[in-house]
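*Asks:* I would like to see how this sequence folds:
(one chain, ligands or ions: 1)
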Amino acid sequence: MQAQDTNDGFNASTVPWTAPDLAGVDNATVPDYAADPADIDTFQRDGVVVLRGAFTDWVDALRAGQERNIENPESYRFPCESNPTGAPGRFFDSYCNWDLIPEYRNYVTRSCAASMAGQFTRSTAVQFFHEHAFFKEPGTQCATPWHQDLSYYCVDGTQTVSVYVALDHAEADVAVRFVKGSHVWNKLYRPRVFMDGSDYNTEDAVTESVPDISGNPEDYDILATALEPGDTVLFDFRTLHGTTDTLLKNRRRAFTTRWLGDDVRYCVRPGDTSPPLPESMTGTMATGDAMPVDWFPVMWRTP
Ligand SMILES: O=C(O)CCC(=O)C(=O)O
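*Replies:* Residues are numbered from 1 along each chain as shown. The predicted structure is shown next:
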């Protein structure tokens, strides 16, 4: 997903989004993840699974990468502030910077996230889509609106996964939460602006508004759990997720990588998509085309 750039004028980045330098990127050298078949079954059934401590060893490096990102937001791509002006705290995100931030690049190309993505989506190969960094500072009382990522994206398919690594302790009442099984509802919900939860791309007849999940929690099978640094949540791009607006007492950072499995293809959607593909690419592509590997490299293949 993308928190849309509609607030406060802060979100101007000076950095264009360009094809990454793929020197040294070799899917043959990506380490294997020893997936438990029961976890894969859970992911397939619920559209979400929690892997406790899966990336504990990467927490320090990812935090260091995120510091670069948050300290100089305008030097990186797609920075976005979503906390209302004057409100305490900060809700910031930024994405598509893995080729600019060495710690991100190292994680994407040297961790077992790619192998995890391949196995959990039951694919024979996975392409790397992008990474996304999230920050909420103490004092923030801004919910992440319930949303599904797929409708923000210029891709479609069922073999997708976001690999979300918690970088701070978060109690269950402030951690990201998920509606189990929502990935197979066969629904596409309108993307929402993160600052106020309003819909955009409303001209799209295929999509509908996200239902009021927070107002009717008893109607949904919600996975809400505390997360520790390194705990990792895998979720399908179609799975609904969001947070409450409970006051944050501690910093809450997270780092997500997005992966495209075998059946994922380019998809033209009405209005803005995330990432906003350059015209040089969209001008030559049609719905159903494969995503170009020079922008979205194949990072894992079945051994
Ligand atoms: O951590 C959050 O509040 C939101 C994360 C999210 O929406 C995502 O990773 O897709």
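
*Asks:* From now on I want contacts and neighbour counts done on CA atoms only, so please keep to that.
*Replies:* Fine.

*Asks:* tell me which parts of the stretch 101-250 of the chain are close to the ligand?
*Replies:* Thr144, Tyr164, Val176 (CA under 6 Å from any ligand atom).

*Asks:* what's the last one in contact with, if anything?
*Replies:* Val176 makes contact with Ala224, His241, Gly242, Thr243, according to CA atoms under 8 Å, 6 or more residues apart in numbering.

*Asks:* how does it look with 6 Å?
*Replies:* Contact analysis of Val176 by CA atoms under 6 Å, 6 or more residues apart in numbering lists Gly242, Thr243.

*Asks:* pLDDT score for it?
*Replies:* Predicted confidence (pLDDT) for Val176: 98.

*Asks:* how close does it get to Ala170?
*Replies:* Distance, Val176 to Ala170, by CA to CA, to the nearest Å: 9 Å.

*Asks:* Likewise for the second one?
*Replies:* Between Tyr164 and Ala170 the computed distance is 13 Å (CA to CA).

*Asks:* Over to the first one?
*Replies:* Using CA to CA, one gets 14 Å for the distance from Thr144 to Ala170.

*Asks:* Same drill for these two, tell me which one is more crowded.
*Replies:* Neighbours per residue (other CA atoms under 10 Å) separate Thr144 from Ala170, with Thr144 holding more: 24 against 21.

*Asks:* residues of stretch 264-281 that come out buried?
*Replies:* Within stretch 264-281, the residues that qualify as buried are Val264, Arg265, Tyr266, Cys267, Val268, Arg269, Asp272, Thr273, Ser274, Pro275, counting by 16 or more other CA atoms under 10 Å.

*Asks:* Closest to the ligand out of the residues you listed?
*Replies:* Nearest to the ligand, judged by CA to the nearest ligand atom, of those is Ser274 at 11.7 Å.

*Asks:* Using the three-state scheme, assign that closest one.
*Replies:* Here Ser274 is recorded as coil under DSSP: H, G, I helix; E, B strand; the rest coil.

*Asks:* cool, and Met281?
*Replies:* The three-state assignment at Met281 reads helix, by three-state DSSP.

*Asks:* Please report the distance of it from Cys96.
*Replies:* 16 Å.

*Asks:* and what of Tyr76?
*Replies:* For Tyr76, the distance to Cys96 (CA to CA) stands at 8 Å.

*Asks:* can you pull the pLDDT of the residue of the stretch 1-150 of the chain found nearest the ligand?
*Replies:* Relative to the ligand, the nearest point of the stretch 1-150 of the chain is Thr144 (5.0 Å; CA to the nearest ligand atom). Thr144 carries a pLDDT value of 95.

*Asks:* So it is in contact with His241, correct?
*Replies:* No - in this structure, Thr144 is not within contact of His241 by CA atoms under 6 Å, at 8.4 Å.

*Asks:* which residue ranges form the strands in the stretch 1-150 of the chain?
*Replies:* 48-51, 80-81, 91-95, 125-136 (DSSP state E, counting those that start in this stretch).

*Asks:* quick revisit: intersection of neighbour lists for Val176 and Ala170?
*Replies:* In contact with both Val176 and Ala170: no residue, using CA under 6 Å, 6+ apart.

*Asks:* So in this structure, where's the weakest helix or strand by average pLDDT?
*Replies:* helix 279-282 (a mean of 87; mean pLDDT, DSSP states H and E).

*Asks:* Other residues contacting that one?
*Replies:* Counting contacts by CA under 6 Å, 6+ apart, no residue outside helix 279-282 touches it.

*Asks:* Please save the CA atoms from that helix in CSV.
*Replies:* The C-alpha trace of helix 279-282 is given here as CSV (Å, rounded to 0.1, in the frame of the first residue of the first chain):
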residue,chain,number,x,y,z
GLU,A,279,5.1,6.4,-18.3
SER,A,280,8.1,4.8,-20.1
MET,A,281,7.0,1.6,-18.6
THR,A,282,3.2,1.9,-18.6
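
*Asks:* next one: the helix or strand just after it to chain centre, how far?
*Replies:* Proceeding N to C from helix 279-282, the next assigned helix or strand is strand 298-301, under DSSP states H and E. Centre-to-centre, strand 298-301 and its host chain are 19 Å apart (CA atoms, centre = their mean, to the nearest Å).

*Asks:* by contact count, what packs against strand 298-301?
*Replies:* For strand 298-301, the packing partners by 3 or more CA pairs under 6 Å, 6 or more residues apart in numbering; DSSP states H and E come out as strand 125-136.

*Asks:* and the two most separated of the buried residues of stretch 264-281?
*Replies:* Using CA to CA, those span at most 19.1 Å, a distance reached by Val264 and Asp272.

*Asks:* Phe120 is in contact with Ile40, correct?
*Replies:* Yes - with contacts counted by CA under 6 Å, Ile40 reaches Phe120, the gap being 5.2 Å.
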